[in-house]
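Provided below for reference: sequence and predicted model.
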Amino acid sequence: MKLYCSPNLFHLLAQQFLSFRWKLLLWSLLLIGLFSLLQGNMSTETPKELVWLALFILFTGIQLLVFSAFIFFFQQLPSQKEAQLHDLNRQFWLKLYQGVEWCEAILFFILLPLPTITFIYALFIVS
């Protein structure tokens, strides 16, 4: 059975995008700030297309923020460091770290596509 959300797979994926983590975080903050500025200037006379553009900017900023958090969480796996120590007293910590990493993997398996799916849902339902 092939797993699509294992911590090791996410670690390898995060390693490939490690150089982009700060750029993604900066872009996400800039886009969310831009949405805040646009939202302050919107009124009831604002065309629907500009409202959707502002929402697209918001959801893009949120998506970049989630992906940046993904990279920060999976850039290093504490269980790999713990496994290198080979100490019998550390088995508890190894299992604890692995359990936390699996919880993070399941959480990010749900969170990574969520902003995009939510925007597409809003686009089809509200329009």
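Sure, I can see it.

all contacts plus neighbour counts: C-alpha atoms, from now on.
Noted.

What's the first helix or strand after the lowest-mean-pLDDT helix or strand in the chain?
When the helices and strands of the chain are scored by mean pLDDT, DSSP states H and E, helix 78-83 comes last with a mean of 81. Next along the chain after helix 78-83, taking DSSP states H and E as the criterion, comes helix 91-111.

Return the list of helices and strands in contact with that following helix.
helix 7-16, helix 78-83 (3 or more Cα pairs under 8 Å, 6 or more residues apart in numbering; DSSP states H and E).

what's the longest one packed up against?
It refers to helix 7-16. Counting by 3+ Cα pairs under 8 Å, 6+ apart, helix 7-16 packs on helix 48-74, helix 91-111.

ok, 6 Å please
Applying 3 or more Cα pairs under 6 Å, 6 or more residues apart in numbering; DSSP states H and E, one finds that helix 7-16 contacts helix 48-74.

Report the buried residues of the helix it packs on.
Neighbour-count burial for helix 48-74, counted by 16 or more other Cα atoms under 10 Å, picks out 54-74.

Would you mind measuring from the spatially most central residue of the chain to residue 119?
Closest residue to the average C-alpha location of the chain: residue 66 at 2.2 Å, with Cα atoms, centre = their mean. In this view, residue 66 and residue 119 are 14 Å apart by Cα to Cα, to the nearest Å.

What are the contacting residues of the least confident helix or strand of the chain?
94, 97, 98 (Cα atoms under 6 Å, 6 or more residues apart in numbering).

Just the buried residues of that helix, please?
Applying 16+ other Cα under 10 Å to helix 78-83 flags 78, 79, 82 as buried.
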